[in-house]
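Colleague: sequence first, predicted model second:
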Amino acid sequence: MRRRAALAWTIGALALAGCERGPGTGSAAIVAGEREVGFPEVVLVARMDGAAIAGVCTGTLLAGDRVLTAKHCLYERSAAGEPWTEIPLAEIRVIVTHNPWGTIEQETGVASFSTTPGTFTQEDYDAGRDVAVLALDAPLEGIAPREIARASPAIGAELTLVGFGGTGAAGAGRKFRGTATVSDLFVDLFETRGPAGTCVGDSGGPAIDAEGRIVGVISFGPSTDCTDPTTYYAELAAHAAWIDEAIGPPCTGACDTDAGSPIDAGTEVDAGPPPPSSGCAIARAPRSIQIVVLALIAIAILRRRM
């Protein structure tokens, strides 16, 4: 039976409000990880101050216009003990890049988000509720989304971590990748203890299993100086139902390309002619035309008999 986490140390996760304002000068981010220029579905979730990046989190594309991240990345507070308040969505941008001070491939805003019930609180960390799904202003093109896992990771499982975090001395913003092994399981929460650790800016990033599925969202760690590789993750299997609802059905019919989501089911869409049943399509005339044709044939027959 899993136990509920009771973590009494300083939370090492950081919301967008408090991240570094520049890229820094250090070379490490996922601590003990490697610089990463792939994983295009892992995106930068940035809080903007005008044209400048004022805060950094990480996200993962779940559908063309849906991005998974950490709930605390969407809230801020003025001081410890103060209530958390929602960051204005107009200040948040989702950026496809591996270095925002280098090449930006795509960028869009956030229209809305779905998350666990209520405003973010400190309890959301320990309870594994630090999960959110962003609905983007426009879909990200040409990027394959990543699926979430439907089962818990096993102790001893090796996970791939990807994020835009920094170290205690270096600012966040460049994409790094590392590996970590699951060391403990709690209720809706799990732990790794290296070899790679996480730091400021990695929050919201994916923990990816051997099958390529996201099993957890990077949530927090025991220190803010990034010297302890221990990291805690909100487990996604517990949130699969509402995440599926937030993503919505796949776009299988006519789609609104501006919104990246299916057209409302009440809108009539011309489905075109039916497919041929035996290699040849035979169009059926409307009933009114059929009646007229039959009448003309009857008249022609009568005239020939007269």
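Modeller: In hand now; what should we look at?
Colleague: give the contact list for the nearest residue to R77 once chain neighbours are set aside.
Modeller: Spatial nearest neighbour of R77, excluding adjacent residues (C-beta to C-beta, 6 or more residues apart in numbering): W84 at 4.7 Å. Just so you know, the C-beta spots here come from the backbone N, C-alpha and C atoms, and that holds for glycine as well. W84 makes contact with 15, 72, 75-77, 119-121 under the criterion C-beta atoms under 8 Å, 6 or more residues apart in numbering.
Colleague: which residues in this protein form helices?
Modeller: 123-126, 240-247, 287-305 (DSSP state H).
Colleague: ok, of those helices, where does mean pLDDT dip lowest?
Modeller: Ranked by mean pLDDT, the helices of the chain bottom out at helix 287-305, which scores a mean of 41.
Colleague: if I look at E41, how far off is A138?
Modeller: 16 Å (C-beta to C-beta, to the nearest Å).
Colleague: same check, this time on L61
Modeller: 13 Å.
Colleague: give me the more crowded residue out of these two.
Modeller: Neighbour count, other C-beta atoms under 10 Å: between L61 and A138, L61 has more, with 24 against 17.
Colleague: report pLDDT for the residue lying closest to the more buried one once chain neighbours are set aside.
Modeller: Excluding its sequence neighbours, the residue lying closest to L61 (C-beta to C-beta, 6+ apart) is E41, at 4.2 Å. Turning to E41, the model gives it a pLDDT of 97.
Colleague: can you name the residues that contact T69?
Modeller: 45, 57-60, 132-134, 203-204, 217.
Colleague: report how many residues lie close to A234.
Modeller: Neighbour count for A234, taken as other C-beta under 10 Å: 27.
Colleague: what does the one 4 residues further on give?
Modeller: Burial of A238, expressed as a neighbour count using other C-beta under 10 Å, amounts to 18.
Colleague: kindly report the same for the one 10 residues further on.
Modeller: Each residue near G248 was counted by other C-beta under 10 Å, and the total is 14.
Colleague: that one contacts A63, correct?
Modeller: Yes. Assessed by C-beta atoms under 8 Å, G248 is found in contact with A63 at 7.4 Å.
Colleague: residues in contact with D209?
Modeller: Residues in contact with D209, defined by C-beta under 8 Å, 6+ apart, are 149, 153, 157, 159, 215.
Colleague: to clarify, my last question referred to I143.
Modeller: By C-beta under 8 Å, 6+ apart, the contact list for I143 reads 40-41, 61, 96.
Colleague: apply 10 Å and report the result again.
Modeller: Applying C-beta atoms under 10 Å, 6 or more residues apart in numbering, we find I143 in contact with 39-43, 61, 64, 96, 105-106.
Colleague: likewise for A234?
Modeller: Neighbours of A234 in contact, by C-beta under 10 Å, 6+ apart: 70-71, 116, 124-125, 127-132, 188-190, 204, 207, 216-220.
Colleague: and it, how far is that from N99?
Modeller: Between A234 and N99 the distance is 27 Å, computed by C-beta to C-beta.
Colleague: what does V215 give?
Modeller: Distance of V215 to N99, computed by C-beta to C-beta: 27 Å.
Colleague: next: D209.
Modeller: Distance, D209 to N99, by C-beta to C-beta: 27 Å.
Colleague: and for E245?
Modeller: For E245, the distance to N99 - C-beta to C-beta - is 34 Å.
Colleague: so the two - more neighbours on which side?
Modeller: Neighbour tally, E245 and N99, criterion other C-beta under 10 Å: the higher count belongs to N99, 15 against 11.
Colleague: quick one: residues contacting that one.
Modeller: Contacts of N99 were listed using C-beta under 10 Å, 6+ apart, and they are 23, 35, 37, 44, 164, 173-175.
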